[in-house]
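In: I would like to see how this sequence folds:
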Amino acid sequence: MRPRDGDDTGAATVWAAGAIAVLLVIVGVVWTLGAVVVARHRAAGGADLAALGAAGRAIDGEMAACAHAEESARRMRVRVAECRLDGWDVLVTVQSEVRGPAGLGGTVTAKARAGPVIGTPTTDAVVEKEDTAGSIGGRSSVDADPSARAP
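Out: Have a look, this model is predicted:
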């Protein structure tokens with residue numbers, strides 16, 4: 001075989017293959033980061049909605065509030081990892097699965113807290129309910145704590 005005229009050594013093919021490989025790696029990284037961001041936003045939204053929904057049921061007790069939080073979270077395609085009442089506030093932790101390229105993934109976590117603002121008509125009704133239902137000697141546990149009442 002006789003060599004061709006010119007200086008063609010086939011290096012352009014190697015460079016093109018390398019450039020395509022680098023481009024595919026960049027696309028994979030961006031795709032994975034996008035999947036993580038989407039999962040994080042889904043988890044944050046799910047945690048917020050679960051906490052708000054559960055706060056509306058806090059008067060019914062922790063079991064009812066957390067059951068409502070789990071239902072809200074399920075509809076947002078996240079799962080409740082922790083749910084508890086802290087006074088009238090509900091603290092919810094949810095987890096969402098990350099689905100990246102080629103089956104790669106993981107879990108993201110988000111936390112939310114929700115509860116009534118002291119001094120609103122809702123909390124005043126709760127205070128009145130406690131005053132009539134849980135008072136001992138004309139004084140309820142809410143009256144005993146001056147910081148629980150609005151100024």
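
In: CA only for contacts and neighbour counts going forward, please
Out: Fine.

In: Now name the helix or strand holding residue 18.
Out: helix 11-56 (DSSP states H and E).

In: tell me what that helix is packed against?
Out: Using 3 or more Cα pairs under 8 Å, 6 or more residues apart in numbering; DSSP states H and E as the contact test, the elements touching helix 11-56 are helix 62-75, strand 89-99, strand 105-114.

In: tell me the most buried of these?
Out: Among those, strand 89-99 has the highest mean neighbour count (mean count of other Cα atoms under 10 Å), at a mean of 23.

In: centre of the chain versus that one, how much separation?
Out: Computed by Cα atoms, centre = their mean, to the nearest Å, the chain-centroid distance of strand 89-99 equals 4 Å.

In: packing partners for that strand?
Out: Checking 3+ Cα pairs under 8 Å, 6+ apart, strand 89-99 ends up next to helix 11-56, helix 62-75, strand 79-86, strand 105-114.

In: Need these in CSV (columns: mean pLDDT and distance to residue 99).
Out: Listed next are the helices and strands packed on strand 89-99 as CSV, based on pLDDT from 0 to 100; distance: least, Cα to Cα, whole Å:
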stretch, mean pLDDT, distance to residue 99
helix 11-56, 92, 6
helix 62-75, 94, 17
strand 79-86, 94, 15
strand 105-114, 91, 5
